[in-house]
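**Q** got a predicted structure here, sequence first:
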Number of protein chains: 2
Amino acid sequence: MLLQNTADAPAAVLTVAGSDSSGGAGIQADLKTFTSLGCYGASVITALTAQNTTGVQAVHPSPPEFVKQQICSVLEDIEIKAIKTGMLYDAETTRTVAATLKAHYGGSLPPLVCDPVCVSTSGHTLLQPDAVDVLISDLFPLSALITPNKSEASLLLARRGLPSRVENVEDMLVASRHLLSLGPRAVLLKGGHITTTIRDVEKLVAAHPHVQVVREGLLGENMEILQIAEQDWTARTLVVDVLQELGAITLFVRPRVDSNSTHGTGCTLSAALACGLGRGMTLQEATRMAAVYTHLGIETAFPIGSGHGPLNYMHPIMMRSVPLPTAGNPHPLTRTLIESTREIWRAYVQHDFVKQLAQGVLPRECFLHFIKQDYLYLRYYARAYGLLAAKSTGFTAIEAATRTIMNIIREVSMHRSYCAQWGITEEELKSTPESPATMAYGAYIIDAGLQGDSSKLIMALAACLLGYGEVGLWLKREAEKPDSWVVIEGNPYRKWIEDYSSEHYQEAVKIGLDTIESLAVADPPSPFRFQEWRDTWERCTRLEKGFWDMSMGLL
Amino acid sequence: MLLQNTADAPAAVLTVAGSDSSGGAGIQADLKTFTSLGCYGASVITALTAQNTTGVQAVHPSPPEFVKQQICSVLEDIEIKAIKTGMLYDAETTRTVAATLKAHYGGSLPPLVCDPVCVSTSGHTLLQPDAVDVLISDLFPLSALITPNKSEASLLLARRGLPSRVENVEDMLVASRHLLSLGPRAVLLKGGHITTTIRDVEKLVAAHPHVQVVREGLLGENMEILQIAEQDWTARTLVVDVLQELGAITLFVRPRVDSNSTHGTGCTLSAALACGLGRGMTLQEATRMAAVYTHLGIETAFPIGSGHGPLNYMHPIMMRSVPLPTAGNPHPLTRTLIESTREIWRAYVQHDFVKQLAQGVLPRECFLHFIKQDYLYLRYYARAYGLLAAKSTGFTAIEAATRTIMNIIREVSMHRSYCAQWGITEEELKSTPESPATMAYGAYIIDAGLQGDSSKLIMALAACLLGYGEVGLWLKREAEKPDSWVVIEGNPYRKWIEDYSSEHYQEAVKIGLDTIESLAVADPPSPFRFQEWRDTWERCTRLEKGFWDMSMGLL
């Protein structure tokens, strides 16, 4: 039943970057991104910054030797699937990072995404000028991908005496080709600071027919119905990122979003890229995923701080309503259901009807009334399992529901012989009118089955199956205690107690438990759906209590 | 439609602690915990460590002045709802942290959880001895809660000349009372290193009747059915945490888990506590939530590293299958459905039937065959909306489904007059046998409605509604182009084109879109459920194409 095991273990990803105290950029943005994308994050800190959404107030670099020590601690212990580097601050740190990675991995690094962070959005220098040379000479050759923005691209190219103009998409093609010549295996030149229209992109593609275009957040063909309801994208300005690989150029095109929540955008993108590559995606797949993740992070951001706020890192995740099953708690859904309806559940399974029955003092007419109504109820109950069979998708589920019907038929024949023993004929059984409690409960489970999917029906059927199992076991345990209040010998209802504590019935309870728990594992409910399950469970628990109230003549 | 706004903004929580390069403890554990529990994390780093699952290899403290600078940068910009402190390393840093918080907040701090980290699990000193005094004198009085473990409690008490024996639960009661006298508003004394049984707890409660007990992961009353299926907890050893508040003592009792994945347990617990308090939980609620979060983190951990591995921080979260709607993409579900069935969707909405119809060259017998079968199909379609009404929970949904039936009835009467115009009597319409394509499609939507809940039925009905809307709009747009291939004047099928591009029909499409998108927002589907929706959508898209294939005589 355990979901968590080595097969599903999250990819471990390492970031080597600065720390942003405000949590919007640097290793903080990286760790939040790793977590939201299901990866395990390790982090080597190259420099501390005192920073918030209004800017960088101070920087405190780590000693390069300590950066090396951190990298070694991580790499010697954890199998890292991808690495990203962000702010490396100075030449010596940059050299150290490159040398340490090279020394550890030799020729075969995991995918390395190098975000050549040079200047913060707020204008703070995050990489000293002489460090740029080291970045190019030492780190680029190790990199699967570098992710410069417009100004970083210009700076890098100018430093190497290459044409450094990056003002439009055409320039981006040229610049990314030159950047590729600096040593990395691929270049993602980010166009966030360049304004483009779909016309520019079309012109460029016409001139360079080998260029591939990936449109994201833009309506594709055959989506007229969405166009009418949305704005006209063709009139909007676009953002284009250029992915230049050896022999392949891809443009990633998406609508520009006006937002103040852009603090840490570059960190987030490169962190998401590392997650994608660490999971075995191609560069194109990873770029698309990372761009969508980052773009939606901006679009769904909350206002935090008074300046350029952080992205919403958590947009792809939601909270589970039911905890994962573990060895310590293999039945988290059932336990949550019982705990969330504790009072009414107790009023049901420790009902006076049950207590009097167990003591053998339950008035005969109460039991007879109950057994007759239970017979009538079982007709609904059997039909409900028929409905469950009809709502099932596979033969296993169809067979399970059908077997239950056969069990109910057997229970019914027990009822008949039981009744005969108490002097009630089959004729009398059949002609007994349904009491309102019986009809309410019976019709409700059929209605639940009509209204919802099979999981709702299973929830509606659970209170009966599990509750009688609970009563049976409870009475059995109580009977086994010395000087027990439960009377077995000479109890006119002994057979009833023995039936529901029998191995046969408890086996059915066990299968029911597994069915319920498997539902929550295979198809984890949203909070809305979980509430629906809980309400159905609670309603049936009340109806069960009502059934015994009725039998006791209270209703 | 946007889910994300200030009302739902996550609580911002600050950690002041050390950095663990391996990502299992320190601010890394804190940030992962904040993210997994839906809080926004900021972090002030007091010291870097080079560390992995086997131990701490080196520590590099931050200058106290820079710690102060980081705290100021965060607090001056971001409204922090709760703070936790972890490793503070030395006396001066501890003094600085306390003084900076006091200076910023004056008397009214947000809830501060002080984890008095002194020694790492691996035995590394993380707080210098003279700093312990400062922790007690300066930080404890600001703290809503301190969270020492057994050895930290002993150390703190011994330092103040108080009885420092913490060997059993009884000792924990005494020790936590003495710790409370040191100044914090509450003490959570963690019993992870003390072995207890349920008998010890029962004895203690008998002797101290005012002590409350919160059992977690232990079966409560009326759960016999779960006991039979699970291990016998009464025989297992337990972990007890003691929460000592002024005038209230609560024991948090849970089964002990044997695990090697305990790196960062204390950090995680105090981080989760800060999240709870930051969200306005009481100390008891927050302690319960944090203990469960941490406990499950250990139980569901993946093997990472060769020593004491980290917890699984991500156990309470799952990935969304459908992105959140945004201004830029208000229809993420519909777009995902169309994009994931792009080929078949195009084959449907740009079917030769449609193209020939738009050109006015569609053979008359094809159109007549289509219009007669469509009439028969609409009977299923109307019934399916009847089923949807029956499956609805509120009057709004019942009314919406019913209005659609009335629209279909109107469409049917249009069909009749249309047919009359083409020389087909109502008699002939009614006596036309259903073609297999009609029956397959019609019966499938009824079956989908029987088998699933209303969302599955809505998915089954969407391809027809949206597809005809798509065709209508596409033809309208094409007709408006100069020298269009679409013929309107004199086209025998003009009315058909005009019907489906009409405002009336497009209004229905818009409502359909909103209904579908609302489903995914109100009840976000699990991957399993999303796949079911997608499969239903795809099947109906194929059936629609099959319907036109049939009309063209291809089937």
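**A** Happy to help now that I have it.

**Q** every contact and neighbour count from this point should use C-alpha atoms.
**A** Fine.

**Q** state the distance from A:Ser417 to A:Glu152.
**A** Relative to A:Glu152, A:Ser417 is positioned 87 Å away (CA to CA, to the nearest Å).

**Q** comparing these two, which shows the higher neighbour count?
**A** More neighbours surround A:Glu152 than the other of A:Ser417 and A:Glu152, with 20 against 14 (other CA atoms under 10 Å in any protein chain shown).

**Q** wait, that one sits on A:Cys118?
**A** Yes. Under the criterion of CA atoms under 8 Å, A:Glu152 makes contact with A:Cys118 at 6.5 Å.

**Q** surely A:Gln359 is in contact with A:Asn491?
**A** Yes. Using CA under 8 Å, A:Gln359 is in contact with A:Asn491, at 7.3 Å.

**Q** so for these two, which sits in the more crowded spot?
**A** Relative neighbour count places A:Gln359 above the other of A:Gln359 and A:Asn491, with 19 against 16, counting by other CA under 10 Å.

**Q** got a list of what the more buried one touches?
**A** A:Trp485, A:Val486, A:Val487, A:Ile488, A:Asn491 (CA atoms under 8 Å, 6 or more residues apart in numbering or on different chains).

**Q** buried subset of the residues you listed, written for PyMOL?
**A** A single PyMOL command selects the buried members of the contacts of A:Gln359 (16 or more other CA atoms under 10 Å in any protein chain shown):
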select buried, chain A and resi 486+487+488+491
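
**Q** now tabulate the contacts of A:Gln359 in TSV and tack on pLDDT, secondary structure and distance to A:Tyr505.
**A** Formatted as TSV, the contacts of A:Gln359 follow (pLDDT from 0 to 100; DSSP: H, G, I helix; E, B strand; the rest coil; distance: CA to CA, whole Å):
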residue	pLDDT	secondary structure	distance to A:Tyr505
A:Trp485	97	coil	23
A:Val486	97	coil	20
A:Val487	96	coil	21
A:Ile488	95	coil	18
A:Asn491	95	coil	20
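
**Q** close to chain B: what parts of the stretch 151-300 of chain A are there?
**A** Within the stretch 151-300 of chain A, the positions near chain B by CA under 8 Å from any CA of the partner chain are A:217, A:222-226, A:229-230, A:255, A:257, A:296, A:299-300.

**Q** one more time with 6 Å, if that's ok
**A** By CA under 6 Å from any CA of the partner chain, the residues of the stretch 151-300 of chain A that approach chain B are A:Glu224, A:Ile225, A:Thr300.

**Q** could you do chain A as well?
**A** A:4, A:9, A:21-23, A:41-44, A:50-52, A:69-70, A:73-74, A:77-78, A:224-225, A:300, A:302, A:305, A:316-320, A:391, A:451-453, A:470, A:523-524, A:526, A:528.

**Q** buried ones in stretch A:279-294?
**A** A:Arg279, A:Leu283, A:Gln284, A:Ala286, A:Thr287, A:Arg288, A:Met289, A:Ala290, A:Ala291, A:Val292, A:Tyr293, A:Thr294.

**Q** check whether the fourth one really touches A:Leu273, as I assumed.
**A** Looking back up the chat, that one is A:Ala286. Yes. When contacts are counted by CA atoms under 6 Å, A:Ala286 is listed as touching A:Leu273 (5.4 Å).

**Q** which residues touch A:Gly23?
**A** B:Gly41, B:Ala42 (CA atoms under 6 Å, 6 or more residues apart in numbering or on different chains).

**Q** any idea whether it is helix, strand or coil?
**A** Classification of A:Gly23 by DSSP: H, G, I helix; E, B strand; the rest coil places it in coil.

**Q** need phi/psi at it.
**A** phi 80, psi 0 (degrees, to the nearest 10).

**Q** A:Val13 too?
**A** In terms of degrees, to the nearest 10, the main-chain angles of A:Val13 are phi -130, psi 140.

**Q** same check, this time on the one 5 residues further on
**A** Main-chain dihedrals, A:Gly18, degrees, to the nearest 10: phi -80, psi 170.

**Q** that one reaches A:Gly26, doesn't it?
**A** Yes. Counting by CA under 6 Å, A:Gly18 does reach A:Gly26; the two are 5.1 Å apart.

**Q** and the two? Which one has more around it.
**A** A direct count of neighbours by other CA under 10 Å for A:Gly18 and A:Gly26 places A:Gly26 higher, at 31 against 27.

**Q** and the pLDDT at that one?
**A** Note for A:Gly26: predicted pLDDT of 97.

**Q** what about A:Val56, which SS state?
**A** Under three-state DSSP, the three-state class of A:Val56 is strand.

**Q** return the residues in contact with it.
**A** Contacts of A:Val56 by CA under 6 Å, 6+ apart: none found.

**Q** if you set the cut-off to 7 Å instead, what comes out?
**A** By CA atoms under 7 Å, 6 or more residues apart in numbering or on different chains, the contact list for A:Val56 reads A:Thr49, A:Ala50, A:His124.

**Q** just the buried ones from those residues, in PyMOL syntax?
**A** Selection command for PyMOL covering only the buried members of the contacts of A:Val56, criterion 16+ other CA under 10 Å:
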select buried, chain A and resi 49+50
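
**Q** so which of the contacts of A:Val56 belong to strands?
**A** Those of those mapping onto strands are A:Thr49, A:Ala50, per DSSP state E.

**Q** what sits against A:Ala158?
**A** Contacts for A:Ala158 were tallied using CA under 7 Å, 6+ apart; they are A:Ser164.

**Q** which helix or strand contains it?
**A** helix A:150-159 (DSSP states H and E).

**Q** between the contacts of A:Gln359, which sits nearest chain B?
**A** Nearest to chain B, judged by CA to the nearest CA, of those is A:Val486 at 16.4 Å.

**Q** surely that closest one is in contact with A:Glu480?
**A** No. Judged on CA atoms under 7 Å, A:Val486 makes no contact with A:Glu480 at a distance of 8.6 Å.

**Q** returning to that earlier point: mind putting the residues of the stretch 151-300 of chain A next to chain B into CSV with secondary structure, neighbour count and pLDDT?
**A** Formatted as CSV, those follow (DSSP: H, G, I helix; E, B strand; the rest coil; neighbours: other CA atoms under 10 Å in any protein chain shown; pLDDT from 0 to 100):
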residue, secondary structure, neighbour count, pLDDT
A:Glu224, helix, 19, 87
A:Ile225, helix, 21, 88
A:Thr300, coil, 23, 94
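
**Q** what's in contact with the helix or strand hosting A:Thr268?
**A** Element membership for A:Thr268, per DSSP H and E: helix A:265-278. Outside helix A:265-278, the residues that touch it by CA under 7 Å, 6+ apart are A:11, A:13, A:25-26, A:29-30, A:33-34, A:39, A:81-84, A:86, A:111, A:113, A:115, A:283, A:286-287, A:290-291, A:294.

**Q** mind doing that once more with 6 Å?
**A** Counting by CA under 6 Å, 6+ apart, A:Ala29, A:Asp30, A:Lys81, A:Ala82, A:Ala286, A:Ala290, A:Thr294 sit against helix A:265-278.

**Q** just to revisit the earlier point, in helices, which of the buried residues of stretch A:279-294 appear?
**A** Among the buried residues of stretch A:279-294, the ones falling in helices (DSSP state H) are A:Leu283, A:Gln284, A:Ala286, A:Thr287, A:Arg288, A:Met289, A:Ala290, A:Ala291, A:Val292, A:Tyr293, A:Thr294.

**Q** grab the nearest non-local neighbour of A:Glu299.
**A** Of all residues not flanking A:Glu299 in the chain, B:Thr326 sits nearest, at 6.6 Å (CA to CA, 6 or more residues apart in numbering or on different chains).

**Q** tell me where chain A has strands.
**A** Under the criterion DSSP E, strands of chain A are mapped to A:12-20, A:40-52, A:55-61, A:82-85, A:112-114, A:145-146, A:186-189, A:212-215, A:238-245, A:248-255, A:317-319.

**Q** B:Thr425: which of those is closest?
**A** Taking CA to CA, strand A:212-215 is the member of those nearest to B:Thr425, at 50.1 Å.

**Q** okay, buried residues for that closest one please.
**A** By neighbour count on 16+ other CA under 10 Å, the buried set for strand A:212-215 is A:Val213.

**Q** appreciated, that's everything.
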